[in-house]
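Participant: curious how this folds, go ahead:
(2 chains)
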Amino acid sequence: MGRIVLDKVSKRFGDVEVIPPLDLTIEDGEFAVFVGPSGCGKSTLLRLIAGLEDVSGGNIAIDGSDATMVPPAKRGLAMVFQSYALYPHMSVRKNIAFPLKMAKMDQAEIDRRVANAASVLNLADYIDRRPGQLSGGQRQRVAIGRAIVREPAAFLFDEPLSNLDAALRVGMRLEISELHERLKTTMVYVTHDQVEAMTMADKIVVLRAGNIEQVGSPLELYHTPRNVFVAGFIGSPKMNLIDGAEAAKHDAHIIGVRPEHIDVTPSGGIWSGKVGVAEHLGSDTFFHVHDTGLAETITVRAPGEVSFRHGDAIHLTPRADAIHRFDAQGLRIA
Amino acid sequence: MATQHSRSAARLMMAPAVILLLGWMLVPLMMTLWFSFRKYLPLRGGDQGFVGFDNFVRFITSSAFWPSVQTTLVIVGGVLLITIVLGVLLAILLDQPMWGQGVVRILVIAPFFVMPTVSALVWKNMFMDPVNGLFAHLWKAFGAEPIVWLSDASLFSIILIVSWQWLPFATLILLTAIQSLDSEQLEAAEMDGAPVFSRFVYIVLPHLSRAITIVILIQTIFLLSVFAEIFVTTGGAFGTRTLTYLIYQRVLESQNVGLGSAGGVYAIILANIVAAFLMRIVGKNLDA
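Facilitator: Predicted structure coming up:
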């Protein structure tokens, strides 16, 4: 129903090439997340799929038929915008019914679908209010409701959670994942937040400057990042990247060790340093270790009860099987 | 901040402005009310004492009164219709990215800076003159008989002149309103399958409704007192005598201050009725 294939798709604005030709396949029913730092072209890529921007080259196929020149309304895709883009002068009911009304569906069917969407998303309590009277989370639900009534081939989400506060974001994240489980419809989701990408995606597409750096499942990206960029981008806190003599010991240009793969001891470790800021989260403690001679800071994760204080000496031991090695081009050494 | 001392100081400093404004408004208003109850004929015996409601009855029963009210409403309505319809279209046009946008916008707004008297004279002599006017030449070029605009289509001519004056104002307000429309809303509507015209009807027009009410409100207040355009073109002849013009004629041409003042009081009442209606509409619109 919703297989999206990009074949050598590129986009340029004037002389600036924001997306060099790229190939990508999103399988039917897959939850694909485009992630990358701001300005990496992930939103542009989504808008190309939506048809809101014209491609400068290449082809887009949806469900096996060429959709490159098809106008957005005819592509059978629904989009949830970052600002939600609800129509402020219409009630929630009319907002949700709008795409159906534009499709000239008969009123009974519209009512049935709106009622269905309202019950799925718990909108019934405020179905006759205007968007201006709703909270951020409620607006978000209405925007999703407007998308699902069309029963599209695929959903496109453009940073839908970035305007919500932290607690709500976690809640909506679960709801969207839940919705995907239930609808089994293809979803393409753009975010700059790697936690969202890791928790929601079946397939993550890491982008940088319009280039696809790596495509894979969240755990593939976590365990075997293809290059230094992906290694640094996926995982929180970030992977420690160390170059120079220490890397040369492992026959690599750069080595990377995740904070959770370093053991801390008061003495006797391979590396040593001085504790800087310690962030106690209860379950875990993150130490920012200075003066190791390896990098500016080394971040390590320790169990919550470990008690090192600011300025204490600390010894670190990376787990040998969890060291990632990269060559001079930044590519992974297998 | 709001201590007793600073509050009294603030009152003291605002006092001159408040007193000036009150005087500016109240003195003429009181004088109008005063004269409206007196028989006052400056060239025929001067102030001849109170006559009760005589002036009010005479003004309203005069055969010129109701036609003048009608003329006033036709001019206001006609100008509002033309300026808003064309204003919306022009605003949409000017919102499109194009070369020389800044210059074009200034040119569009320029008519607003021309004094009413001047613009009316330019229209009268350059465009509408049946012998030398541009329109006359245009008509003749097609072999048609030139229209004597200001006598044959007098009311329409005045509506045209006043509309030309007020179109920039409407365009300007509507353009800023259009620019504040979130482009994601239009894109969402596009994804929802709304063609261009539906997007205009369902998204752009509702977004503009507030700006349109404001344009109607402000323009109505000013259009009720249109005078110069009539004075320099038809002089109130050929069915272009508005309420304002009738009052002017009563006071200065008939030299009857009392009768004119009574007309002025009617005009105040009419303007307030219109304003009350508009305020309610605008209030409703601004709440939403």
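Participant: tell me which residue is most central in chain A.
Facilitator: Most central in chain A under CA atoms, centre = their mean is A:Ala197, positioned 3.1 Å from the mean C-alpha point.
Participant: residues contacting that one?
Facilitator: With contacts defined as CB atoms under 8 Å, 6 or more residues apart in numbering or on different chains, the neighbours of A:Ala197 are A:33, A:35, A:191, A:204, A:218, A:234. Bear in mind the C-beta positions are built from the backbone N, C-alpha and C, glycine included.
Participant: of the residues you listed, closest to chain B?
Facilitator: Sorting those by how near they are to chain B, with CB to the nearest CB, puts A:Thr191 at the top with 17.0 Å.
Participant: doesn't B:Gly258 belong to a helix?
Facilitator: Yes - assessed with DSSP: H, G, I helix; E, B strand; the rest coil, B:Gly258 lies in a helix.
Participant: ok, A:Leu174 - how many residues close by?
Facilitator: A count of nearby residues for A:Leu174, using other CB atoms under 10 Å in any protein chain shown, gives 12.
Participant: roughly how far apart are it and chain B?
Facilitator: Counting by CB to the nearest CB, to the nearest Å, the gap between A:Leu174 and chain B amounts to 25 Å.
Participant: part of a helix, is that residue?
Facilitator: Yes - secondary structure of A:Leu174, determined by three-state DSSP: located in a helix.
Participant: gap between the residue nearest to the centre of chain A and chain B?
Facilitator: For A:Ala197, the distance to chain B equals 23 Å [CB to the nearest CB].
Participant: immediately after the helix or strand encompassing that residue, which helix or strand?
Facilitator: Assigned by DSSP states H and E, A:Ala197 belongs to helix A:194-200. On the C-terminal side of helix A:194-200, the closest following helix or strand by DSSP H and E is strand A:203-208.
Participant: for chain B, give me the ranges with low pLDDT.
Facilitator: Applying pLDDT under 70 to chain B flags the ranges B:1-2, B:282, B:284-288.
Participant: ugh, typo on my part, it should be chain A
Facilitator: Counting by pLDDT under 70, the ranges of chain A that qualify are A:1.
Participant: residues in the stretch 51-200 of chain B within reach of chain A, list them.
Facilitator: Within reach of chain A by CB under 8 Å from any CB of the partner chain, the stretch 51-200 of chain B has these residues: B:182, B:184-185, B:187-195, B:198.
Participant: now with 10 Å, please.
Facilitator: Residues of the stretch 51-200 of chain B lying close to chain A by CB under 10 Å from any CB of the partner chain are B:182-195, B:198-199.
Participant: re earlier: buried ones in the helix holding A:Ala197?
Facilitator: Applying a neighbour-count criterion of 16 or more other CB atoms under 10 Å in any protein chain shown, one finds A:194, A:196-198, A:200 buried in helix A:194-200.
Participant: phi and psi next, for the most centrally placed residue in chain B.
Facilitator: Among the residues of chain B, B:Leu223 comes closest to the average C-alpha position under CA atoms, centre = their mean, at 1.7 Å. Phi and psi for B:Leu223, reported as degrees, to the nearest 10, are phi -70, psi -30.
Participant: helices along chain A, start to end?
Facilitator: Using DSSP state H, the helices of chain A run over residues A:42-50, A:92-102, A:107-120, A:136-148, A:166-183, A:194-200, A:218-223, A:228-233, A:245-248.
Participant: so what touches the shortest one?
Facilitator: It refers to helix A:245-248. Counting contacts by CB atoms under 10 Å, 6 or more residues apart in numbering or on different chains, the residues outside helix A:245-248 that touch it are A:241, A:252-256, A:270-271, A:292-295, A:318, A:323, A:325-326.
Participant: out of the contacts of A:Ala197, which touch chain B?
Facilitator: If you filter the contacts of A:Ala197 for contact with chain B, counting by CB under 10 Å from any CB, you are left with nothing.
Participant: using a markdown table, lay out those together with neighbour count and distance to B:Tyr266.
Facilitator: Supplementary listing: these in a markdown table, determined by neighbours: other CB atoms under 10 Å in any protein chain shown; distance: CB to CB, whole Å:
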| residue | neighbour count | distance to B:Tyr266 |
| --- | --- | --- |
| A:Val33 | 26 | 71 |
| A:Val35 | 26 | 71 |
| A:Thr191 | 23 | 66 |
| A:Ile204 | 28 | 76 |
| A:Pro218 | 18 | 78 |
| A:Ile234 | 25 | 78 |
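Participant: let me have the residues you listed in JSON lines, extended by distance to A:Phe287.
Facilitator: Listed next are those as JSON lines, based on distance: CB to CB, whole Å:
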{"residue": "A:Val33", "distance to A:Phe287": "30"}
{"residue": "A:Val35", "distance to A:Phe287": "27"}
{"residue": "A:Thr191", "distance to A:Phe287": "28"}
{"residue": "A:Ile204", "distance to A:Phe287": "28"}
{"residue": "A:Pro218", "distance to A:Phe287": "26"}
{"residue": "A:Ile234", "distance to A:Phe287": "21"}
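Participant: out of the residues of the stretch 51-200 of chain B next to chain A, which is most surrounded?
Facilitator: B:Ala188 (29 neighbours).
Participant: name the SS class of that one, please.
Facilitator: For B:Ala188, the secondary-structure state derived from three-state DSSP is helix.
Participant: residue 134: neighbour count?
Facilitator: No chain in the question, so chain A it is. Summarising burial for A:Leu134: neighbours were counted as other CB under 10 Å, giving 18.
Participant: that answer is for a different chain, and I need it for chain B
Facilitator: The number of residues packed near B:Leu134 is 11, by other CB under 10 Å.
Participant: do the same with A:Ala247
Facilitator: In terms of burial, A:Ala247 registers 19 neighbours under the definition other CB under 10 Å.
Participant: ok, it to A:Leu241 distance?
Facilitator: When distances are taken as CB to CB, to the nearest Å, A:Ala247 and A:Leu241 turn out to be 9 Å apart.
Participant: which residues do the two both contact?
Facilitator: Between them, A:Ala247 and A:Leu241 share these contacting residues under CB under 10 Å, 6+ apart: A:254-256, A:294, A:326.
Participant: go ahead and build a PyMOL selection from the buried members of those.
Facilitator: The PyMOL selection below is limited to those of those classed as buried (16+ other CB under 10 Å):
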select buried, chain A and resi 254+255+256+294+326
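Participant: which of the shared contacts of A:Ala247 and A:Leu241 are close to chain B?
Facilitator: The subset of those lying close to chain B, counting by CB under 10 Å from any CB, is empty.
Participant: can you point out the buried residues in the longest helix seen in chain B?
Facilitator: Across chain B, the longest stretch assigned as helix under DSSP H is helix B:4-36. Residues of helix B:4-36 classed as buried under the neighbour-count rule (16+ other CB under 10 Å) are B:32, B:35-36.
Participant: just give me the closest of those to B:Ala153.
Facilitator: For B:Ala153, the closest of the buried residues of helix B:4-36 turns out to be B:Thr32, at 34.5 Å, with distances computed as CB to CB.
Participant: now do the same contact list for the closest one.
Facilitator: Counting by CB under 10 Å, 6+ apart, the residues that B:Thr32 touches are B:257, B:260-265, B:267-268.
Participant: 7 Å instead?
Facilitator: B:Thr32 makes contact with B:261, B:264-265 under the criterion CB atoms under 7 Å, 6 or more residues apart in numbering or on different chains.
Participant: show me where the stretch 151-288 of chain B has its helices.
Facilitator: Counting by DSSP state H, counting those that start in this stretch, the segments of the stretch 151-288 of chain B that form helices are B:154-179, B:183-191, B:196-199, B:205-223, B:228-231, B:243-248, B:257-287.
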